[in-house]
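Engineer: sequence? don't have it. structure:
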């Protein structure tokens with residue numbers, strides 16, 4: 001029994017290490033440019049083990065994609081919605097999403113790569129649809145509570161909010177090098193990061209409370 005537990009832990013550790021390194025390699029080189037040999041060399045395992053655990057390069061890439069998307073969804077679920085008023089909760093979602101994207105820039109690169117491939121691989125991960133539903137349910141709960149108490153406008157859908165937040169966060173990561181060079185700034189510095197996080201929160205709150213009499217700001 002002890003030996004079996006040790007083997008299980010070793011297997012889990014190996015798979016976790018493979019996923020971590022593969023995430024870096026796919027994000028750096030894209031799906032086409034990534035090499036299984038390089039991933040094996042950068043981990044304490046072998047190419048044979050990659051095929052054993054994931055079935056090959058495509059299987060590993062699918063596992064990397066799924067893990068990356070699950071990461072942001074799990075982060076969203078840490079928000080204690082019922083303990084905050086709707087407007088504060090919506091601001092917190094925006095700011096948490098902002099921090100997550102900046103701290104997981106590989107996720108953004110993977111999303112960009114997957115869109116280059118026109119979603120060819122993500123379409124094979126049916127489970128991600130169900131994983132993503134709670135994100136909209138979370139926002140829907142906040143919006144409904146806000147409408148009920150009269151603090152949030154009633155013509156906005158959860159997907160609208162999700163798209164607004166995501167587009168802002170994606171820009172910060174996707175354009176940090178070109179925008180940074182053109183305007184001579186480090187978009188990921190503490191100063192700019194705090195400024196832009198607060199700005200996103202203000203944008204979301206201002207938009208969702210626009211036209212609502214006496215709505216909090």
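Structural biologist: Done, it's in. Nothing here was measured: the structure is a model prediction, and the numbers come from that model.

Engineer: By mean pLDDT, flag the weakest helix or strand of this structure.
Structural biologist: Taking mean pLDDT, DSSP states H and E as the measure, the chain has helix 2-33 as its least confident helix or strand, at a mean of 81.

Engineer: Going by neighbour count, list what's buried in that one.
Structural biologist: 14, 15, 18, 19, 21, 22, 23, 25, 26, 27, 30, 31 (16 or more other C-beta atoms under 10 Å). Every C-beta, even on glycine, is put in place using the N, C-alpha and C of the backbone.

Engineer: Tell me the one of those nearest residue 49?
Structural biologist: For residue 49, the closest of those turns out to be residue 14, at 6.6 Å, with distances computed as C-beta to C-beta.

Engineer: Quick check: the gap between the closest one and residue 55.
Structural biologist: 15 Å (C-beta to C-beta, to the nearest Å).

Engineer: what does residue 208 give?
Structural biologist: Separation of residue 208 from residue 55 (C-beta to C-beta): 45 Å.

Engineer: Hmm, residue 173 and residue 108 touching each other?
Structural biologist: Yes: between residue 108 and residue 173 there is a contact at 4.2 Å, judged by C-beta atoms under 8 Å.

Engineer: Pull up the overlap in contacts between the two.
Structural biologist: Overlap of the contact sets of residue 108 and residue 173 (by C-beta atoms under 8 Å, 6 or more residues apart in numbering) consists of residue 101.

Engineer: can you tell me which helix or strand the spatially most central residue of the chain belongs to?
Structural biologist: Residue closest to the mean C-alpha point of the chain, counted by C-alpha atoms, centre = their mean, is residue 72 at 3.8 Å. Secondary structure from DSSP states H and E places residue 72 in helix 57-76.

Engineer: next structured bit after that helix?
Structural biologist: Moving toward the C-terminus from helix 57-76, the next helix or strand (DSSP H and E) is helix 86-103.

Engineer: What residues of that following helix count as buried?
Structural biologist: For helix 86-103, burial by neighbour count (16+ other C-beta under 10 Å) applies to 86-87, 89-98, 100-102.

Engineer: cool, and stretch 171-184?
Structural biologist: Going through stretch 171-184 with 16+ other C-beta under 10 Å, the ones that come out buried are 172, 173, 174, 176.

Engineer: just the angle between the least confident helix or strand of the chain and helix 57-76, please?
Structural biologist: For helix 2-33 against helix 57-76, the angle by axes from the mean of the first three to the mean of the last three C-alpha atoms, to 10 degrees is 100 degrees.

Engineer: next SSE after helix 2-33?
Structural biologist: Where DSSP H and E defines the elements, the next helix or strand beyond helix 2-33 is helix 36-41.

Engineer: List the buried residues for that next one?
Structural biologist: Using 16+ other C-beta under 10 Å, the residues of helix 36-41 that count as buried are 36, 38, 39, 40.
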